[in-house]
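Participant: Okay, structure incoming, though there's no sequence with it:
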């Protein structure tokens, strides 16, 4: 080799080494950048638009309700205020009494509430001496469809006949289950809200083997709201249950599964369309935000904000916190902060789901199995556990109330690195 060509050879090797070094640095930076970011993608959903429903109100007028029917009772205040506001967001309102039959009333709401007295109760007809709660539910449900919301007001006391009370309760439970299943087969989005309230009570309390006069007592009663979950969600937004006069002591709802409208963003609130890029935090986790509209689940704040009520597909994905979005004008109701471990795999689908709860945690304390010693059980309702369990059994196949789906991936996969490097290097660099 001549002395003239040697410097050129050395120059070529030097340039190749320098180029390899530069490419290595570039690849390292690209790789590090890709390794420290993930991409979250989702499909945005919107709530179904619904027209105003027909509102049907049913007030049980059996003898056990007489004690609530006097001027100044909290029950009358609550019904008047709540139904008045619901009517503002309904197409029209129909008022009914119910016992052994449905008895329509032609009165305006104001006069209907004013005339809720024991005398008027018994004058409108039907069997006010005894009532079958399962039969009433069946009648109400058969008159409820996707465009009708039914409101049922009752003390929900199961009358205990002679014989084995437990067998009687179980039979009513099955009857109620069957009534709801039948209607769910007709209306797939049928949902029910159960409100437990309390009112002053002055009158006779009837039980299996007699009656007892209660003066200035306080007794529980219930408001059931039944209809398409999209209607109930809209009504709840416009007429918050928290604003019912004298307050709601307890609440529970059963509904069918829904895909929840939501959008995603990184911690800075930045997104591009339905995609956001998340950087790795110092603790080795990626974090992003989900703004979700959870209203269609019909669940209360305690249920929605309890992270233990959520399921997931992948162990490396965790909900870290859930906050209420308080702004009334916001379309979304809750903000979820989600963390993903660095060891997450590429291109994996994830689904966060709000798991269905079987029954209220307050139910056992609200229930009385015997219907005796009313003074000792003033805040309890005979057989309410079996009524609600019948509804729970009808909805037990619905394991999830809500689901939020998204895809986790790397914004830059390793297969791209070779292509980038090829553009920066000689054609035969990777073949050496």
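Facilitator: Noted; the coordinates are in hand. Predicted, not measured: the structure shown is a model, and the values here were computed from it. Numbers count the residues shown, from 1 in each chain.
Participant: what's the span of stretch 204-213 from first residue to last?
Facilitator: Looking at stretch 204-213, the gap from its leading to its trailing residue is 4 Å under the measure C-alpha to C-alpha, to the nearest Å.
Participant: I misspoke; the intended subject was stretch 123-138.
Facilitator: The first and last residues of stretch 123-138 sit 24 Å apart, counting by C-alpha to C-alpha.
Participant: swap in stretch 68-79?
Facilitator: 12 Å.
Participant: quick one: contacts of it?
Facilitator: Counting by C-beta atoms under 8 Å, 6 or more residues apart in numbering, the neighbours of stretch 68-79 from elsewhere in the structure are 59, 113, 116-118, 121, 153, 155, 197-203, 219, 221, 223, 244-246. Backbone N, C-alpha and C define where each C-beta goes, glycine included.
Participant: In PyMOL, how would I select the buried members of those residues?
Facilitator: Typed into PyMOL, the next command selects the buried ones out of the contacts of stretch 68-79 (criterion: 16 or more other C-beta atoms under 10 Å):
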select buried, resi 59+113+116+118+121+153+155+197+198+199+200+201+202+203+219+221+223+244
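Participant: Pull up the pairing partners for the strand or helix carrying residue 214, direction included.
Facilitator: Element membership of residue 214, judged by DSSP states H and E, is strand 210-228. Based on DSSP bridges, the pairing partners of strand 210-228 within the sheet are strand 148-154 (antiparallel), strand 190-207 (antiparallel).
Participant: Poorly predicted segments of the stretch 201-350 of the chain, please.
Facilitator: 208, 344-346 (pLDDT under 70).
Participant: sorry, back to before: return the set of buried residues in the strand holding residue 214.
Facilitator: By neighbour count, and taking 16+ other C-beta under 10 Å as the criterion, the buried residues in strand 210-228 are 214, 217, 219, 220, 221, 222, 223, 224, 225, 226, 227, 228.
Participant: which ones are touching the residue nearest the centre of the chain?
Facilitator: When the chain is reduced to its mean C-alpha position, the closest residue under C-alpha atoms, centre = their mean turns out to be residue 297, at 2.2 Å. For residue 297, the contact set (C-beta under 8 Å, 6+ apart) comprises 253, 255, 258, 260, 304, 354, 401, 402.
Participant: those helices in the stretch 51-200 of the chain, which residues are they?
Facilitator: Chain-ordered helices for the stretch 51-200 of the chain, with DSSP state H, counting those that start in this stretch as the definition, fall at 74-88, 109-114, 118-123, 133-142, 165-186.
Participant: Tell me which of those helices sits most buried.
Facilitator: Each of the helices of the stretch 51-200 of the chain was scored by mean neighbour count; the highest is helix 133-142, a mean of 20, by mean count of other C-beta atoms under 10 Å.
Participant: In the contacts of residue 297, find the pair that's most separated.
Facilitator: Checked with C-beta to C-beta, those reach their widest spread between 253 and 260, with 15.3 Å between them.
Participant: could you check the distance from the spatially closest residue to residue 54 that is not a sequence neighbour over to residue 90?
Facilitator: With C-beta to C-beta, 6 or more residues apart in numbering as the criterion, residue 54 has its nearest non-adjacent residue at 4.8 Å, and that residue is residue 148. Separation of residue 148 from residue 90 (C-beta to C-beta, to the nearest Å) stands at 10 Å.
Participant: where do the contact lists of the two overlap?
Facilitator: Joint contacts of residue 148 and residue 90 (C-beta under 8 Å, 6+ apart) are 53, 54, 55.
Participant: What's the ChimeraX syntax to select whichever of those residues are buried?
Facilitator: Command for ChimeraX that selects the buried part of these, burial taken from 16+ other C-beta under 10 Å:
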select :53,54,55
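Participant: about what we covered before: include distance to residue 290 when you put the buried residues of strand 210-228 into JSON lines, please.
Facilitator: Conversion of these to JSON lines gives the following (distance: C-beta to C-beta, whole Å):
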{"residue": "214", "distance to residue 290": "50"}
{"residue": "217", "distance to residue 290": "47"}
{"residue": "219", "distance to residue 290": "43"}
{"residue": "220", "distance to residue 290": "37"}
{"residue": "221", "distance to residue 290": "38"}
{"residue": "222", "distance to residue 290": "34"}
{"residue": "223", "distance to residue 290": "32"}
{"residue": "224", "distance to residue 290": "32"}
{"residue": "225", "distance to residue 290": "28"}
{"residue": "226", "distance to residue 290": "30"}
{"residue": "227", "distance to residue 290": "28"}
{"residue": "228", "distance to residue 290": "25"}
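Participant: Lovely, talk soon.
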